[in-house]
Each structure stands twice: as C-alpha cells, then as structure tokens.
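**Student:** next come a sequence and a model predicted from it.
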Amino acid sequence: MVRLSDLIKARGGHVETKSTTSVQPSAAPVASPDEPVVDVMAEQLVKLRKNVEQTLHETAALSAPDSHPESVLCRRAERCVAALAEALLNDAPLSLGEASQVAHDIVASLVQDKTLVTRVLAPAQESSLIGNMVHTSIVATEIGLAIGYREDELAQLALAGLVHDIGMFRLPMPLVLRTGRWSRKQISIMQKHTQYGADAVKRVEKYAWLSDLIIQEHERINGSGYPSGLKGTQIREPAQVIGLADRFDALLRSRSWRKGMLPYEAVRVVLSTEREHFSTRVLKGFVRSITLYPPGTWVKLSTGSVGMVTSINAQHPLRPVVSVGKRGRRGDLQGNEDVVDLSLAPSLCINQAITPVQAHSTTTH
C-alpha cells in the first residue's frame, strides 16, 4: 500500500534533493518505469485518501494554543503540501489558496525573527520529500530577504518553494519510494518531475506564473542543469534561489549511503562546489542569510565553553550570538543560560564548530 505518510516520513534516495523510502515488492503494484504519471490502482487511492485524512487530522492537532507558533506554521505547511500531493496523485486540480497564505505567513515570521531557519537547521530533522519542500521554502525566503526582495516577491518565492517538487507526485510510486542510488534511466524519469509540476500549476490560472520557477529550479548557470540546460540569465533568479535552498537542505539530510551534514559543513560544501552553478548575487545572499555558523550550530569558544549559535549578526557573520549552558542531546536547555553576543565581546571568538554529540559530552562533564 502506498501511503502519503510514507512519503512524508520517507528516507534515502540517490538524487540529493529527493528523499525516498523503501517499499516491499508486494506492498504496491509496480508501475512501468516509462509511465509518465502515477497510475496507482483505485483500491490504493481509496487507502491513500484515508491515510491523508489521518495525516491532516494529526497535523491539525498541533495548532493547539500551547504549541509554539513556528511549530504550528511548519505543520500547517506540511499539511498544505500533503493536501496538494493528494490532489496531484488523484489527477485533481490544485487549490493553492491555503499554500499562498502559508507562504505569506512564512515571510512574516522570517521578517520578525529567524526561528524558522533554526528549525530547518535542527540536527534531529528527518529526510522527507514533503519536509524538503517546506524547508526549501523557508531557506529560499531567507536568502531572498538577504538579497533584498520586496515583500510581494518574498511571498511568491516562499510559495514557489512550497511547490517546487510537487511534480514528484506524478512519478511512478515505486520509483519515488525507492531507496539507494538510482540508475541513469531512473534519473532520466525522475527529471521529468519539473515538467509535471509546471503543467500542474499551469492549470490554476491565478498561479500559472509558478510554472517557470518550477521548471527552472534544477537549471544551473553553467548549463549543467536540467531539463533544458539553460545558462546564465536565461534562468530566473528566484528559480536559482530555490535551487540553492533545495541543494542546501539536501546536504543536511541523511541518505541511505551517507549521514546528513552539520550546518557549517553544508555551508562549506555549497561555497566550495556551487560557484559555477549559481550567480554571485544568489551565493552572496546565501552567505548573508545562513553564514558559516548558522543558528543551531554547536561551537567551542576560546574560553573552552560550549554553546549553540542562536542568531547571526549580519554585519559580523563570524561573530554570532551564542547560548552557553547545559543542554540535552536535542539541544534543549537544561539549566541556566548565558547569552553571549560575540560582536560585543572582542576578547572572545569561536575556536571550532563541533558535533551535537561532542557538545553534549562536554556540557555533561
């Protein structure tokens, strides 16, 4: 049985930006790899609807008054993308009104503070297709803020991030749910998802403008991307921003053949490998918005103290605000907190970034 909850929690997959999970051969009828559209049987669609209803019910419970606002927003975003995925699986028209409202709320939250970015960078995050779409929206919006996009442009960017991989749900389910590395033929089939996603949003006249961003998200300025091998200014800048955010989030998540990177490791990989793929303006926006020590990074200070970066200083990216105190394995504070703004403490500096395990070991001794 193919369940949307499997897609939400899926892990693995060859392509960096796509996450998949294993499925037993008997669990679902295998569609032909050449089928351009998910053709799950009617019985599966009935079961899928039931699982979607359960998923929507579970995420709705998280909107209780005592829930953290950013947690509620992330769950709303996941719920919204899940509903869009179900519509696409059923070949039904997309209803993007709720997604547009979520996008506006993501922008409003990031303008106020960077808590959403901290959630994306949290080390305990699982790899998932729907999770990647939400994370990409958040990181892309943060990059757009750093570049200087207007509020209406940011809202469009956030919405495009939420639906950038929606075409994945038009692929054969056995392919989407596959673990491990993909063959060249499977990659070729997977790359069709950009066209499927663009076609889906074109059916919604008010949001037809999304199609260009969806189909160009995997293009690269040196012509190495897909599906058209566009170069330079042929690629719209918001599509580049989404592509970079997608790439960054993929590096953070574990795959079947590697562990997810720590934020500072992923930043270094981006800066060392993506210079030929994205414009200087987009990369500068990324550096200003994420930095070498993004929120959620564990660091050891020159005093020997260990802390977690909680926010960055735009004017001094190497001197963030650090919360020093005893924390649990998931980063939860367990005792008194000492907040140190390194931009105001010239005698202190970061000696090195460390893993959560190293941090926990240090703070518990």
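**Tutor:** Received, thanks.

**Student:** for the lengthiest helix in the chain, what is the average pLDDT?
**Tutor:** Ranked by residue count and defined by DSSP state H, the top helix of the chain is helix 69-89. For helix 69-89, mean pLDDT is 91.

**Student:** send the alpha carbons of it over as CSV?
**Tutor:** Extracted in CSV, the C-alpha atoms of helix 69-89 (Å, rounded to 0.1, in the frame of the first residue of the first chain):
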residue,chain,number,x,y,z
PRO,A,69,3.9,29.4,16.7
GLU,A,70,6.8,28.3,14.4
SER,A,71,6.0,24.6,15.0
VAL,A,72,2.3,25.3,14.1
LEU,A,73,3.4,27.1,11.0
CYS,A,74,5.7,24.3,9.9
ARG,A,75,2.9,21.7,10.4
ARG,A,76,0.5,23.8,8.5
ALA,A,77,2.9,24.0,5.7
GLU,A,78,3.4,20.2,5.7
ARG,A,79,-0.4,19.7,5.9
CYS,A,80,-0.9,22.0,3.0
VAL,A,81,1.8,20.3,0.8
ALA,A,82,0.3,16.9,1.7
ALA,A,83,-3.1,18.0,0.5
LEU,A,84,-1.6,19.2,-2.8
ALA,A,85,0.2,15.9,-3.1
GLU,A,86,-3.0,14.0,-2.7
ALA,A,87,-4.7,16.2,-5.4
LEU,A,88,-1.9,15.5,-7.8
LEU,A,89,-2.0,11.8,-7.1
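
**Student:** quick one: that helix to chain centroid distance?
**Tutor:** 13 Å (C-alpha atoms, centre = their mean, to the nearest Å).

**Student:** elements contacting that helix?
**Tutor:** Under the contact definition 3 or more C-beta pairs under 8 Å, 6 or more residues apart in numbering; DSSP states H and E, helix 69-89 sits against helix 4-9, helix 42-60, helix 97-112, helix 115-120, helix 129-147, helix 151-163. In this view, the C-beta of every residue, glycine as well, is placed from N, C-alpha and C.

**Student:** what's the last one in contact with?
**Tutor:** With contacts defined as C-beta atoms under 8 Å, 6 or more residues apart in numbering, helix 151-163 is touched by 77, 80-81, 84, 94, 96, 99-100, 102-104, 106-107, 111, 133-134, 136-141, 144-145, 149, 197, 201, 207, 209-210, 213-214, 238-239, 241-242, 245.

**Student:** PyMOL command for the buried members of those residues?
**Tutor:** To isolate the buried members of the contacts of helix 151-163 in PyMOL, using 16 or more other C-beta atoms under 10 Å:
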select buried, resi 77+80+81+84+94+96+99+100+102+103+104+106+107+133+134+136+137+138+139+140+141+144+145+149+197+201+207+210+213+214+238+239+241+242+245
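
**Student:** related to what we said a few turns ago, which parts of the longest helix of the chain are buried?
**Tutor:** For helix 69-89, by 16+ other C-beta under 10 Å, it's 70, 72-89.

**Student:** for residue 198, give its distance to residue 80.
**Tutor:** Plainly put, residue 198 is 19 Å away from residue 80 if you go by C-beta to C-beta, to the nearest Å.

**Student:** kindly apply the preceding question to residue 163 instead.
**Tutor:** 10 Å.

**Student:** overlap of the contact sets of these two?
**Tutor:** residue 99.

**Student:** where does the prediction get shaky in the stretch 51-200 of the chain?
**Tutor:** Within the stretch 51-200 of the chain, the ranges that satisfy pLDDT under 70 run 51-67, 123-127, 179.

**Student:** please repeat the previous calculation with a cut-off of 50.
**Tutor:** 51-52, 55, 59, 61-66 (pLDDT under 50).

**Student:** wasn't residue 219 part of a strand?
**Tutor:** No - counting by DSSP: H, G, I helix; E, B strand; the rest coil, residue 219 is not part of a strand but coil.
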